[in-house]
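Novice: Sharing a sequence plus its predicted fold:
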Amino acid sequence: MDYSQFSAMIPELIVLGIFILVFLFDTFAGETARKADGMLTTVLFGLGTVAIFFTGCMPKECFGGMYVNNHIELVLKCILNLGVFIVLVQSLKWTDTPDMKLRRGEFYELLLATLFGMYLMISARHFLLFVIGLETASLPLAALVAFNKKHNESAEAAAKYIMTAVFSSAVLMMGLSFVYGLSGGSLYYGDVANAVAEGPMSGMLIVALAFVLGGIGFKLSLVPFHLWTADVYQGAPTAVTSYLSVISKGSAAFAFFIIFVQAFGAVYPDAWEWMLYAIIILTITVGNLFAIRQRNMKRFMAFSSVSQAGYIMLGVIAANAIGMTSMLFYILVYIFSNLGAFGVISAIENQTGRLSMDDYRGLHKSNPWLSFAMTLAMFSLAGIPPFAGFFSKILIFTSVTASNSMALYMLVLIALINTIISLYYYLLVVKAMWISPEEPVVSSFRSSGSERFGMWICVAGIIFIGLVSPIYGLISKLVTEDAPQLLAWLG
Amino acid sequence: MDLGILWYLVPSVLMFACGVYGFVTRKNLIAILISLELMLNAADLNFVAFNRYLFPGMMEGMVFTLFAIAIAAAETAIAIAIIINIYRVVGNTDINEVTKMKF
């Protein structure tokens, strides 16, 4: 066996290496030394991210093309790594509580294990590897959701998550079995694409597509499959919620793009464009309308993330190089904005245990900096101009209109109207913090250094990525290099 | 005797439908888990039948099935662990008792 092919898997190997180191350290270190678990993981992970970033640019494949590591995969892995790094930094205070003493290491191990699964999912070019990656990503996540063992809500959320996750993977596998029947005996994306392009448009293909769409839609919480989202986000520990809402969603969105464009690209106008069209409209609208009536901040962020997933899917329905670029850019911006909001939520929760929107009233009097970070995050999520969220939204809308189809123009119009609705509920939080005349519910406190560090990263990202950064151009350049091979099947 | 591929596909789709029905109607978490297993096994059966009848010279469907069985086992292990945790916290595995969070 040729072991040199593993050099294509450097990002995976780095994450796996950190996982093993943390595991060994957590198992064999003494009682007091184990307090350093969190710091160790964070530092190692930060170094690992830098290593991936600098060793990365060498497009390669291994396992006979089942695993591919091109430029765009590497870019996405770096983006996800950045998000995981922020999540790790923000969760340091939570994992320092005495309640977490025995389980601290497990949190980091499980987190790295799911990240490994997501990497596989992103790089897979074969449905078997994709399914393995998907399960490696979602099973440790279920354990993470159940992490507050003594809490009723955490257990309930975990049950809801694992049941819907297994249901969705069963639906996905059923769909893949139909794909296999149509594929001519091979489950490589390329071979499936060949068979789909040559074969007739059959009912079985439609069923297979719908099942695969449903299976991945569950992970992304697109609307007919979104009902688990709010409960799981509310019940899970806040660090896990923030991880679920950005990292898990980002990787699933990318895998969605790759599968539908590479394996089913030939039937884009005949079959899945319209499925996706309906789903995007439903996702954005329903997510927005339900977010309006939420008072619990985590539930509120859950529905906001449902509607944001709809915006991310706009990049898929555009199905061109700009769509890919703006989707990656959207994920990056979404990581900063969402983690900024979750940083504030978890800082306040760690200090006071409060999670209701009413508890944020008058926050600017007691904690002006927290209010400032939260306001920027909300503005960015809503897409108000100088902040990054505006640029990511405008780019993703541009990508959809690039094909000049009337229906897609309508889709952008609906998405725009929904942006205005979303402005209303994001500003509800801002109003509670700055305009409500009541005395503050949360008394003044100083958040820990790690929390402040995480929030400053997010604030810097929100302000600078849209205005002055070369990042969009960089991503665009790399995507253009991969585009001919990526979009070959769209015709 | 030579059975056609439909003799495998129709039962597998029926099995899948039974699984979905059970998932929606059952009130006990363990029963829901059993329904999920039915659905996963239906997909496995489909893979094997397609491989045997359509592509007899290749192995991909069989290999996929082996992996799918392993994955299903892992999923069950985690789900059972979570159900046991729920039993410890709530004292019951009836889903009508596990309704702290609602719209």
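Specialist: Thanks, I have the structure now.

Novice: so where's the chain uncertain?
Specialist: No chain specified, so I'll use chain A. Low-confidence segments of chain A (pLDDT under 70): A:1, A:56-59, A:491.

Novice: meant chain B, my bad for not saying
Specialist: Where chain B drops to pLDDT under 70, the residues are B:1, B:103.

Novice: go with 80
Specialist: B:1-2, B:98-103 (pLDDT under 80).

Novice: That one: helices as residue ranges?
Specialist: Listed in chain order, the helices of chain B (DSSP state H) span B:6-25, B:29-54, B:60-90.

Novice: likewise the stretch 51-200 of chain A?
Specialist: Ranges of helices in the stretch 51-200 of chain A, per DSSP state H, counting those that start in this stretch, are A:71-95, A:104-123, A:127-145, A:152-183, A:189-198.

Novice: Can you name the residue of the stretch 201-350 of chain A nearest chain B?
Specialist: Closest residue of the stretch 201-350 of chain A to chain B, CB to the nearest CB: A:Asp231 (4.6 Å). For the C-beta atoms, the positions are set from N, CA and C on the backbone; glycine is no exception.

Novice: what about A:Val441, how many residues close to it?
Specialist: 18 (other CB atoms under 10 Å in any protein chain shown).

Novice: Equivalent analysis for A:Phe147, please.
Specialist: 18.

Novice: Quick test: name the residue nearest the centre of chain B.
Specialist: B:Glu37 (2.4 Å; CA atoms, centre = their mean).

Novice: got the contact list for that residue?
Specialist: B:Gly19, B:Ala72, B:Thr76 (CB atoms under 8 Å, 6 or more residues apart in numbering or on different chains).

Novice: between these, which has the most around it?
Specialist: B:Gly19 (24 neighbours).

Novice: and that one, how far is that from A:Ile259?
Specialist: 24 Å (CB to CB, to the nearest Å).

Novice: Could you do A:Met378 as well?
Specialist: 33 Å.

Novice: Quick check on the two: which one has the bigger neighbour count.
Specialist: A:Met378 (26 against 23).

Novice: Of all the residues in the stretch 1-150 of chain A, which one is nearest chain B?
Specialist: Checked against chain B (CB to the nearest CB), the nearest residue in the stretch 1-150 of chain A is A:Glu135, 4.8 Å away.

Novice: What residues does the closest residue to that residue other than its chain neighbours make contact with?
Specialist: Of all residues not flanking A:Glu135 in the chain, B:Ile71 sits nearest, at 4.8 Å (CB to CB, 6 or more residues apart in numbering or on different chains). Residues in contact with B:Ile71 (CB under 8 Å, 6+ apart) are A:Val131, A:Ile132, A:Glu135, A:Ser169.

Novice: what's the neighbour count on A:Val223?
Specialist: 23.

Novice: right, and it touches A:Ile279 too?
Specialist: Yes: here A:Val223 reaches A:Ile279: they are 6.3 Å apart, a contact under CB atoms under 8 Å.

Novice: joint contacts of the two?
Specialist: By CB under 8 Å, 6+ apart, the residues touching both A:Val223 and A:Ile279 are A:Gly310.

Novice: Spell out which parts of the stretch 51-200 of chain A neighbour chain B.
Specialist: A:127-128, A:131-132, A:135, A:139, A:142-143, A:146, A:149-153, A:155-159, A:162-163, A:165-167, A:169-171, A:173-174, A:176-178, A:180-181, A:184-187 (CB under 8 Å from any CB of the partner chain).

Novice: From those residues, keep the buried residues only.
Specialist: Neighbour counting with 16 or more other CB atoms under 10 Å in any protein chain shown marks A:127-128, A:131-132, A:135, A:139, A:142-143, A:146, A:151, A:153, A:155-159, A:162-163, A:165-167, A:169-171, A:173-174, A:176-178, A:180-181, A:184-187 as buried within those.
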